[in-house]
Every structure is written in structure tokens, then in C-alpha cells.
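Q: What would the 3D arrangement of this be:
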Amino acid sequence: MIVLITPTGARKNQFELCMRWMLRQTYQGNVVWIIVDDAVPLTTDSVLDDFRNNWIINKIYPKPRWTGQNTQGRNIKAGLDAMKALYDMTNVKGIFIIEDDDYYKPTYLERMMEHKKSYWIWGETNTIYYNVTYRKYVVNANKHHASLFQTAFTIEALPHFENNLNHKFIDAGFWAHGPNKYLFFENYLAVGIKGMAGRNGIGAGHQWFRNMHDDIGMKYLTKIIGADDRKQYERYYRDSRVAQYDILTKKRF
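A: You can find the predicted model right below:
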């Protein structure tokens, strides 16, 4: 089986899309999806036990509840602890951090597991961060690591992963120090989606900045994920000229 861990909370729109992307996954093996929701009110109630055949849903509600601080590492640890307590680790073939606000192609889990081979850590490079609010994107030149939402690892690498949970950017530390790793590129099996309403993120692309490329007509995003999936992000557009004004005047929104 494989284990998916999703730290979330106060991101209803994002999580509903995450459910949509997971529901379409073509991977045929057994899946455990551990959802860690630390906000009030809960925004993960829509995931039911019968979400999919061969999928087991576990929900974790860590305390103290989120009040604005960065709880990503704490919540991922809660998910990993639940995994170790509930399941035989010898049966776990891969562990994935499925981030609630990112886009995953239907073949994501299937192709990632096909790339696993004998590696302990593996993931896709050349991450795209796409801000759907401003319809701008940037291609990250991450040649030596994969972003957290594009990373998978085995139980052999679990201690190395847990050693980096206190880092602001868990992925960079994990890839820098973890052994037996493999990077590949397959035309964007996943895309880092930024800028949706709700709880703020900490990674690149969440806010407007000058080096991002314009994609007002969303043609670039359409090329990567297709027109039908792109439609899910159309309603979040906000004129970037307003964003620039807000930044310069320090107006919060």
C-alpha cells in the first residue's frame, strides 16, 4: 500500500479540489489517506469513509488548533505518527505528502510509483508555481531537489524526513541530506497552485512578485493541465495591478 498525508485546515476551496484530484487517480493499489485538519471549523468533513474502493480514510485533529502560526511540520508529524501507530510499516511501499492546494494529474500516483524502482527518495523537478489569483507563473529552477508536493519516499528514508520537519522548507533539507534519491522530469505530473482564498501558504508564488510571467488568458496553464481542469481555477482571478498597488501601500487583503 501507499500512504498519502495531507496537512490542511481553513482551506475549504483548496481541499475540495484536492479531493477531486485524488478521486481521479489511476493508481490501482491500496491507498491510505491520512488527513490532518487543525483548524476550526473543520473543512474536511466532506471526505467520507467510502471515498474510493481500496482507499482507507483516516482523519487526525491535532491540538492546539491553528491560530495563524506555521503548523505544517507539526501536522505532518501527526500524520506520520498515526501511520506508524495504525499500520504495518513493512507493507508501506511509498509515502506521499499531498498538499491541499496543488494540482495533481490523474496519473500522478501511478507514474510516481513506476519511477520508484529501488530508490528511497524520488520526485519531479522543474516545479511550476502558478498563482491563479493573478494568473502569473514561475518555473522554479530546482535541479537538485523536488518540491514537497512532488516528493515521495520509503520507510527507509522516514528518519531523514522526520529530521527536517522543523525546517521552514522541509523539502530542501530532506533532499540535501537524504540518501539514495532520484530526480526526474515528466512534463509536470503536478503543479504548485498558489493564491487561492483561505489560509496563507509560505512557499514561492503565493504573493505577486515581478519575476513571474503573465498568463492572463490562462493559455499556459491550459497547456499543462487541460481546459477542463483549468476551469476549476478561473474564478480566482484578481488584477495584478491592484496587487502591486496593495503591496506598495502595504494594504492587506
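
Q: residues touching residue 221, list them.
A: 130, 132, 135, 137, 191, 215, 230, 233 (CB atoms under 8 Å, 6 or more residues apart in numbering). No exception for glycine: its C-beta is placed from N, CA and C like everyone else's.

Q: if I look at residue 45, how far off is residue 167?
A: Using CB to CB, to the nearest Å, residue 45 is found at 31 Å from residue 167.

Q: And the two? Which one has more around it.
A: For residue 45 versus residue 167, neighbours defined as other CB atoms under 10 Å are more numerous around residue 167 (14 against 10).

Q: Quick check: nearest residue in space to the more buried one, chain neighbours excluded?
A: Closest residue to residue 167 in three dimensions, ignoring its sequence neighbours and counting by CB to CB, 6 or more residues apart in numbering: residue 173, at 4.3 Å.

Q: Quick check: residue 112 is in a strand.
A: No - counting by DSSP: H, G, I helix; E, B strand; the rest coil, one finds residue 112 to be helix, located in no strand.

Q: Of the contacts of residue 221, which pair is most distant in space?
A: Using CB to CB, the contacts of residue 221 span at most 13.4 Å, a distance reached by 135 and 191.

Q: rewinding a little: reformat the contacts of residue 221 into CSV and put distance to residue 157, secondary structure and pLDDT next to each item.
A: Formatted as CSV, those follow (distance: CB to CB, whole Å; DSSP: H, G, I helix; E, B strand; the rest coil; pLDDT from 0 to 100):
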residue, distance to residue 157, secondary structure, pLDDT
130, 28, strand, 96
132, 32, coil, 94
135, 36, coil, 94
137, 30, strand, 95
191, 24, strand, 97
215, 35, coil, 96
230, 34, helix, 97
233, 33, helix, 95
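
Q: most neighbours, which of those?
A: Among the contacts of residue 221, residue 130 has the most neighbours (other CB under 10 Å), with 27 neighbours.

Q: I'd assumed residue 137 was in contact with that one.
A: Yes - using CB atoms under 8 Å, residue 130 is in contact with residue 137, at 4.3 Å.

Q: Contact partners for residue 144?
A: Neighbouring residues of residue 144 by CB under 8 Å, 6+ apart: 175-176, 183.
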